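**Student:** sequence unavailable; structure follows:
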């Protein structure tokens, strides 16, 4: 970060002149494009104005200053990296987004410095680490681009190297701190993974949508009306060619922002009802209008759509107590008692047959894998409701009473995430939520003055 200067040394500069300067010096195409989009030629912009008496204070965060120069530089970087072109309509939104980002980063940097001093550890990324990250970003934008070339491209468009380096340094340091402090404490339990797998299996017969998302948090931007207006401006920019992934990285408050808004394949019920309704109307390749929900506004890009699989596949084992269809109530009650006594002894599919072999008159066996819809109606309900490793209560059929154990579930047709992928996804969601709450608490306790 550039050393903070005293407020007294900064002369006033109007917001109108800042916007006019931004419009005059921006208009170059974005460097952050989709992988399938060729990078446009660099269009040189006027050099940044000299720093001096024209600077003013844009914000004070505790005792640290965000200057109008910082704000103008971040606006340039925001527009270049997102592909959003400046207009009179969207510049106020861009200015506010840039200012919010700078304030958040100042709060994060102050907390990182406090932790470093208190715990005598190093958290903030070194120059070498920042250089390595810039090299990786450059490679991601162009296979033949180096970090130095990327910085030169930004400089040609009026963005100083230190502006970009500062953003990378604070973001990487903050993510490293959150992961280091909380990552080892997070426990994604098998019950969470099984519940996720169960939801996937239950949604297997529903239509599935491959989507990218931008979520504008109404609280963060100052209200629902501001969120809707901002989303409307972003939709207009993307319709004019701004890449969705780049816009998502810069403007989205969703956990998927770091991945360019990629939410993967989803089924109805995984997102708010308003989004589900919009997905039903979209065709692959279409961009939604702004979709207001309870706490913000979504923009959805439908990349692909597929019909649901016929059903989920389930792998079952059973223990049966043979009974005639016309068995007496006493016989049914005796069989029911025997199976209920056995059930606690079946701790997994591997223990089902050994446990059943200890009780005379019971028949145990592997039913194999089958589509749930092909099972007997009584078995269907249990197979749908049970999670992997669970055992049903006794089920009455014309052949007797049965306990069934669910040994596995999967979507027919493949494509379901693996156990490790689900665990990593849930862990990432938890870390993103922790980071958001941590930053919110820091921001609420900080003294922030905007000018």
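**Tutor:** Here it is on my side, so go on. All of these numbers come straight from a predicted model, not from anything done at the bench.

**Student:** tell me where the stretch 201-350 of the chain has helices.
**Tutor:** In the stretch 201-350 of the chain, the helices defined using DSSP state H, counting those that start in this stretch lie at 218-221, 224-239, 244-251, 273-281, 329-342, 349-356.

**Student:** could you export these as a markdown table, including mean neighbour count and distance to residue 121?
**Tutor:** C-beta coordinates here come from the backbone N, C-alpha and C atoms, glycine included. Output for the helices of the stretch 201-350 of the chain, formatted as a markdown table (neighbours: other Cβ atoms under 10 Å; distance: least, Cβ to Cβ, whole Å):
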| stretch | mean neighbour count | distance to residue 121 |
| --- | --- | --- |
| helix 218-221 | 18 | 30 |
| helix 224-239 | 19 | 38 |
| helix 244-251 | 24 | 29 |
| helix 273-281 | 15 | 42 |
| helix 329-342 | 15 | 55 |
| helix 349-356 | 16 | 46 |
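
**Student:** out of the ones you listed, which gets nearest to residue 130?
**Tutor:** helix 244-251 (17.9 Å; Cβ to Cβ).

**Student:** for that closest one, packing partners?
**Tutor:** Helix 244-251 is packed against helix 68-82, strand 208-217, helix 224-239, with contacts defined by 3 or more Cβ pairs under 8 Å, 6 or more residues apart in numbering; DSSP states H and E.

**Student:** nearest to residue 422, of the ones you listed?
**Tutor:** strand 208-217 (16.2 Å).

**Student:** make JSON lines out of the helices and strands packed on helix 244-251 and add mean pLDDT.
**Tutor:** Below are the helices and strands packed on helix 244-251 laid out as JSON lines (pLDDT from 0 to 100):
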{"stretch": "helix 68-82", "mean pLDDT": "92"}
{"stretch": "strand 208-217", "mean pLDDT": "93"}
{"stretch": "helix 224-239", "mean pLDDT": "92"}
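
**Student:** can you redo those as a markdown table with distance to residue 398?
**Tutor:** A markdown table is the format used below for the helices and strands packed on helix 244-251 (distance: least, Cβ to Cβ, whole Å):
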| stretch | distance to residue 398 |
| --- | --- |
| helix 68-82 | 65 |
| strand 208-217 | 37 |
| helix 224-239 | 58 |
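
**Student:** got the contact list for stretch 105-125?
**Tutor:** 1, 61-62, 64, 66, 133, 166-174, 176-177, 180, 439, 442-443, 446 (Cβ atoms under 8 Å, 6 or more residues apart in numbering).

**Student:** of those residues, grab the buried ones for PyMOL.
**Tutor:** Restricted to buried positions by 16 or more other Cβ atoms under 10 Å, the PyMOL selection for these reads:
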select buried, resi 61+66+133+166+167+168+169+170+171+172+173+174+176+177+439+443
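
**Student:** helices - which of the contacts of stretch 105-125 land there?
**Tutor:** 133, 166-174, 176-177, 180, 439, 442-443 (DSSP state H).

**Student:** which one of those residues is nearest to residue 277?
**Tutor:** Checking those one by one against residue 277 (Cβ to Cβ), the nearest turns out to be residue 439, at 31.7 Å.

**Student:** how far away is the closest residue in space to that closest one that isn't next to it in sequence from residue 274?
**Tutor:** Excluding the flanking residues, the one nearest residue 439 by Cβ to Cβ, 6 or more residues apart in numbering is residue 104, at 6.2 Å. Distance, residue 104 to residue 274, using Cβ to Cβ, to the nearest Å: 27 Å.

**Student:** picking up where we left off before, of the helices of the stretch 201-350 of the chain, which is nearest residue 402?
**Tutor:** helix 329-342 (8.0 Å).

**Student:** and that closest one, what does it pack against?
**Tutor:** By 3+ Cβ pairs under 8 Å, 6+ apart, helix 329-342 packs against strand 312-322, strand 400-411.

**Student:** buried sites along the last one?
**Tutor:** By neighbour count on 16+ other Cβ under 10 Å, the buried set for strand 400-411 is 400, 401, 402, 403, 404, 405, 406, 407, 409, 410, 411.

**Student:** swap in the shortest one?
**Tutor:** Of the residues in strand 312-322, those buried by neighbour count under the rule 16+ other Cβ under 10 Å are 312, 313, 314, 315, 316, 317, 318, 319, 320, 321.

**Student:** just put those in JSON lines and tack on pLDDT and distance to residue 253.
**Tutor:** What follows is these, written out as JSON lines (pLDDT from 0 to 100; distance: Cβ to Cβ, whole Å):
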{"residue": "312", "pLDDT": "71", "distance to residue 253": "33"}
{"residue": "313", "pLDDT": "80", "distance to residue 253": "37"}
{"residue": "314", "pLDDT": "85", "distance to residue 253": "38"}
{"residue": "315", "pLDDT": "89", "distance to residue 253": "40"}
{"residue": "316", "pLDDT": "92", "distance to residue 253": "43"}
{"residue": "317", "pLDDT": "92", "distance to residue 253": "46"}
{"residue": "318", "pLDDT": "92", "distance to residue 253": "48"}
{"residue": "319", "pLDDT": "93", "distance to residue 253": "51"}
{"residue": "320", "pLDDT": "92", "distance to residue 253": "54"}
{"residue": "321", "pLDDT": "92", "distance to residue 253": "56"}
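
**Student:** may I see the residues you listed organised as CSV, with distance to residue 194 added?
**Tutor:** Shown next, in CSV, are the buried residues of strand 312-322 (distance: Cβ to Cβ, whole Å):
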residue, distance to residue 194
312, 14
313, 16
314, 13
315, 14
316, 16
317, 17
318, 20
319, 22
320, 25
321, 28
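
**Student:** and which of those residues is nearest residue 190?
**Tutor:** residue 315 (17.0 Å).

**Student:** what distance do you get for the spatially most distant residue from the centre of the chain to residue 317?
**Tutor:** Residue farthest from the centre of the chain, counting by Cα atoms, centre = their mean, is residue 328 at 57.1 Å. The gap separating residue 328 from residue 317 is 28 Å, by Cβ to Cβ.

**Student:** flag the shaky bits of this structure, pLDDT-wise.
**Tutor:** Along the chain, the model assigns pLDDT under 70 to residues 1-54, 141-143, 202, 204-205, 308-311, 411-416.

**Student:** where is the longest helix in it?
**Tutor:** helix 91-119.

**Student:** residue 231 contacts residue 218, doesn't it?
**Tutor:** No. Counting by Cβ atoms under 8 Å, residue 218 is not a contact partner of residue 231; they are 10.2 Å apart.

**Student:** where do the contact lists of these two overlap?
**Tutor:** Joint contacts of residue 231 and residue 218 (Cβ under 8 Å, 6+ apart) are residue 297.

**Student:** tell me which residues in the longest helix of the chain are buried?
**Tutor:** Those would be 91, 93-95, 97-112, for helix 91-119 by 16+ other Cβ under 10 Å.

**Student:** again, but for stretch 254-262
**Tutor:** Using 16+ other Cβ under 10 Å as the burial criterion, the residues of stretch 254-262 that qualify are 254, 255, 256, 257, 260, 261, 262.

**Student:** hmm, which two among those residues are most spread apart?
**Tutor:** 255 and 260, at 12.3 Å, using Cβ to Cβ across the buried residues of stretch 254-262.
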